[in-house]
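> Everything below, folded, please.
(2 chains)
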Amino acid sequence: MRAPVIGYAGLTHLGLVSAVAAAAKGFRTAGYDPDAERVRSIAAGKLPVVEPDLDELAVKHRDKLAYSADPQVLRDCDLVYISTDVPTDDRGQSDLGGIVALIERVIPALNPQALLVVLCQVPPGFTRKLALAPDRLYYQVETLVFGRAVERAMQPERCIVGCADPAKPLPAPFRRFLGAFGCPILPMRYESAELAKISINCCLIASVTVANTLAELSEGIGADWSEVAPALRLDRRIGQYSYLAPGLGIAGGNLERDLATVLRLSQAVGSEAGAIQAFLDNSAHRRDWALRALHDEVFARKPDAAIGILGLAYKENTHSTKNSPSLALIRHLGPWAIRVYDPVVPASAAGHPRATGAKDALDVARGVDALAIMTPWPAFKTLRPSDIARARKGRTVLDPYRVLNGPAAAAAGLDYLTLGAPPLRARAGN
Amino acid sequence: MLTHGLAEPAGPKRVVLLGAGGFVGGAIAKRLALLGIATLALTRKEMDLLVQGAGDRLAGLLRDDDSLVFVSALAPTRTAAMLIDNLRMGEAVTQALAKRPVAHVVYISSDAVYPDDANPVTERTPCHPVSLHGVMHLAREVMLRTAVRAPLAILRPSLLYGAADPHNGYGPNRFRRLAAKGESITLFGGGEEMRDHVLIDDVGALAVEALRHRSAGVLNVATGQSHSFRRVAEMAAALVPAKVQINDSPRQNPITHRHFDVTDCLKAFPTFRYTNLADGLARTAKES
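Numbers count the residues shown, from 1 in each chain, chains lettered A, B, ... in the order given. Okay, the predicted model is just below:
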């Protein structure tokens, strides 16, 4: 049997990364997107998303990749993924209009035997309602993680596949394609697979919420959560990959979407979902950690303080700023002058009337009264506390993600505040 | 969360202040006067909201470009009769507003609308009053929400203190007065309970900021710093030269604490600073 040809409809973050990964696995791959300008840019090698290794892989496997703004590019495909990002509003509600329109455009272009696989994040019940024969229609859980998307696409832990009838074997082209990833394949009902995606995210959020709750308590009682978390990871019931690093709430948009979906569905069917609301409340509370710290540590003493902000993206290794804690902080720093720098996101994204873009990470610290490291970009780890101490005017450093070495920062004369531990005050003599 | 109708603050055309003769109303009146904002300050003498026809009388005083501040209350509400009277006052105000809508309304409520065990309290903490006083304020909030078509700001202050406080309840005011007289301070248990105490001047300042921004929504009025009653007693004792005895007493009730997350205030009024308790007590002592 010849190797199946794989198609991706929708070349936003999810589709583009998935298409490149399919090509890298050796499959001829077609990418369709109705946005002609986007397609031209991708075909020219200018990828609209930032992900480690993505550019290199796209170049290396260019001969297996065809891009077009015409859905006919999908005609030869045995398997076509619907792979567009589904946008969310401020309350985490999905706008499904785009994906529905895309599917309506793609189905007429498919060859009569081609399978359609919905790869986007959709609410339970979505796939079953689509107008395509059940034996040609599937749903597959995507496990995109911003900043680790290529790694996740190339080496998934498992493939979760939603089917009309999970007792029937998957069609041969689908089996062959998924087999290339060398991981367990889990067929289940459409609704189970759609809920599996949400369930994974809810479990991750539960872990993060526990970490955030206990990290905040640590700050108040003199414990250090970074000492506690490794002990938990060695507990088999919790596990070494658990999400136990405290953070500034939930960001990015996809996790918030899943919580909103669970709340909406629970309300509709009358199931109890108080814990989900608690996740959201905790997230909102922790997102403002830096704002509270700046008021307590800086503005209370120096009403005209200038603040340096390192990082605008919602996390490292991505250009995305959706629900970024950094931008959430900047929104409430209106009265104060700020200096900003992000390796990928332009300073204009700050949307602050008194923001100045700095030329590099250390330049942000020049003359400011406090420095907040709001995105843990790897490049920021090379900053030396002694250089920061020389550049800044005030001595407060907020480093929620522990990019810097706290004791070294205190030794360099900085007041060092992080998540999960009491502040480390500047050592006397500095 | 409080949102502002005016991004740049501006003095309201005229403020009609109901309850200007009270502890909170007096502080708001003082702040309005300081900023030179035209004010019709009504005490119970000028506007008794329990009198038949009070709604009509109030409506006759209101103009459509007024900002109305509603502070009047029989407080604390300890009995059912007081609750009914307070609701009748609320009824008079809503009748007046139905007849003569105004540009903006600020209602001074209370943190008693929250359950005792809420922690930390935010503006999103579900209201579940356990006292008649809390029930009264929550009922009046709902009455106003139903009746007011203009922007409505609801301020929910925590425990208040200041030189003019008439209540002399357990806390900063009583402790400071006892210390000033050289008398000992007796704590409930060891005074372990933590509470957030707000200087009355800060309530006045925040209410006027809400007026100047034509704000709408809910804002807790709390400093974000809770202190044990023992610590408050120690601060009060430190204000006088003589040594003040601080005594424990057998505990009658379990220890409860109350903390506030004041992030919403940082967002609504970023440059506003609460007076810290030590400074507030010292200022209050000078004013007494």
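
> From now on I want contacts and neighbour counts done on CA atoms only, so please keep to that.
Will do.

> For chain A, which residue gets nearest to chain B?
Residue nearest to chain B within chain A: residue A:332 (5.8 Å; Cα to the nearest Cα).

> For that residue, which residues are in contact?
By Cα atoms under 8 Å, 6 or more residues apart in numbering or on different chains, residue A:332 lies in contact with A:291, B:267, B:270.

> Now do the contacts for residue 273.
Unless you meant another one, I'm taking chain A. Counted by Cα under 8 Å, 6+ apart, residue A:273 has contacts A:262, A:263, A:266.

> nope, chain B
Contacts for residue B:273 (Cα under 8 Å, 6+ apart) come out as residue A:300.

> and if you look at the one 10 residues further on?
Shown here is residue B:283, which makes no contacts under the criterion Cα under 8 Å, 6+ apart.

> give me the element it is part of.
helix B:277-287 (DSSP states H and E).

> distance between that helix and the chain's centre?
18 Å (Cα atoms, centre = their mean, to the nearest Å).

> Show me which residues of it are buried.
Residues of helix B:277-287 classed as buried under the neighbour-count rule (16 or more other Cα atoms under 10 Å in any protein chain shown) are B:277, B:280, B:281, B:282, B:284, B:285.

> Would you mind putting those into TSV with distance to chain A alongside?
Below are the buried residues of helix B:277-287 laid out as TSV (distance: Cα to the nearest Cα, whole Å):
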residue	distance to chain A
B:277	14
B:280	16
B:281	19
B:282	19
B:284	21
B:285	24
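
> Now for those residues: which two are most distant?
Pairwise distances across the buried residues of helix B:277-287 (Cα to Cα) peak at 12.0 Å, for the pair B:277 and B:285.

> Residue A:7 in helix, strand or coil?
Three-state assignment for residue A:7 (DSSP: H, G, I helix; E, B strand; the rest coil): strand.

> For residue A:73, see how far away it is.
8 Å (Cα to Cα, to the nearest Å).

> Neighbour count for these two, which is higher?
Neighbour count, other Cα atoms under 10 Å in any protein chain shown: between residue A:7 and residue A:73, residue A:7 has more, with 36 against 21.

> Contact partners for that one?
Going by Cα under 8 Å, 6+ apart, residue A:7 touches A:19, A:29, A:30, A:31, A:32, A:74, A:77, A:78, A:79, A:80, A:81.

> These in helices, which ones?
Judged by DSSP state H, those include residue A:19 as members of helices.

> on that earlier part again, what do residue A:7 and residue A:73 both touch?
A:30, A:31, A:32.

> For chain A, just list every one of the strands.
For chain A, applying DSSP state E gives strands covering A:6-9, A:29-32, A:65-68, A:79-82, A:115-118, A:137-140, A:159-163, A:185-189, A:306-310, A:337-341, A:355-357, A:370-373, A:396-398, A:415-417.

> and the ones you listed, which is most packed in?
Stretch with highest mean neighbour count among the strands of chain A: strand A:6-9 (a mean of 31; mean count of other Cα atoms under 10 Å in any protein chain shown).

> one step back: arrange the shared contacts of residue A:7 and residue A:73 in CSV, one row each, with distance to chain B and pLDDT as further columns.
Shown next, in CSV, are the shared contacts of residue A:7 and residue A:73 (distance: Cα to the nearest Cα, whole Å; pLDDT from 0 to 100):
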residue, distance to chain B, pLDDT
A:30, 48, 97
A:31, 45, 97
A:32, 44, 97
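
> Can you lay out the residues you listed as JSON lines showing distance to residue A:409?
JSON lines is the format used below for the shared contacts of residue A:7 and residue A:73 (distance: Cα to Cα, whole Å):
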{"residue": "A:30", "distance to residue A:409": "51"}
{"residue": "A:31", "distance to residue A:409": "48"}
{"residue": "A:32", "distance to residue A:409": "50"}
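
> where exactly do the helices run in the stretch 101-250 of chain A?
Remark: helices assigned in the stretch 101-250 of chain A by DSSP state H, counting those that start in this stretch are A:149-154, A:172-179, A:190-221, A:225-233.

> Please list the outside residues in contact with the first one.
The one in question is helix A:149-154. The contact list for helix A:149-154, computed with Cα under 8 Å, 6+ apart, reads A:17, A:18, A:21, A:25, A:51, A:52, A:53, A:54, A:143, A:144, A:145, A:181.

> give me the number of residues near the first one?
Counted with other Cα under 10 Å, the burial measure for residue A:17 works out to 26 neighbours.

> For chain B, what lies in contact range of chain A?
B:263, B:266, B:267, B:270, B:271, B:273 (Cα under 8 Å from any Cα of the partner chain).

> just those now: which is nearest residue B:206?
Checking those against residue B:206 with Cα to Cα, the nearest one is residue B:273 at 9.9 Å.

> Please confirm that that closest one is located within a helix.
No - according to three-state DSSP, residue B:273 belongs to no helix; its state is coil.

> Look up how far residue B:201 lies from it.
Separation of residue B:273 from residue B:201 (Cα to Cα): 12 Å.

> Check residue B:33 too.
Going from residue B:33 to residue B:201 by Cα to Cα gives 13 Å.

> Those two - which one has more neighbours?
More crowded of residue B:33 and residue B:201, by other Cα under 10 Å: residue B:201, with 22 against 12.

> residues touching the more buried one, list them.
Residue B:201 neighbours (Cα under 8 Å, 6+ apart): B:27, B:28, B:31, B:162.

> so which helix or strand takes in it?
With DSSP H and E as the test, residue B:201 turns up in helix B:200-212.

> hang on, residue B:123 in a helix?
No - read with three-state DSSP, residue B:123 is coil and lies in no helix.

> Which residue does the stretch 151-288 of chain B have closest to chain A?
residue B:267 (5.8 Å).

> Helix, strand or coil: sort out that residue for me.
Look at residue B:267: counting by three-state DSSP, its state is helix.

> State the distance from it to residue B:2.
Look at residue B:267 and residue B:2: by Cα to Cα, they are 9 Å apart.

> same check, this time on residue B:107
13 Å.

> list the residues that contact both of the two?
In terms of Cα under 8 Å, 6+ apart, residue B:107 and residue B:2 are both contacted by the residues residue B:153.

> Low-confidence stretches in chain A?
For chain A, applying pLDDT under 70 flags the ranges A:252, A:428-430.

> For the residue nearest in space to the middle of it, list the residues it contacts.
Central residue of chain A (Cα atoms, centre = their mean): residue A:146, 3.7 Å from the mean position. Contact analysis of residue A:146 by Cα under 8 Å, 6+ apart lists A:51, A:315, A:317, A:318.

> how about a cut-off of 7 Å?
Contacts here follow Cα atoms under 7 Å, 6 or more residues apart in numbering or on different chains; on that basis residue A:146 touches residue A:318.

> re the thing from before, pipe the residues of chain B next to chain A into a markdown table and attach pLDDT per row.
Formatted as a markdown table, the residues of chain B next to chain A follow (pLDDT from 0 to 100):
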| residue | pLDDT |
| --- | --- |
| B:263 | 97 |
| B:266 | 97 |
| B:267 | 97 |
| B:270 | 96 |
| B:271 | 95 |
| B:273 | 95 |
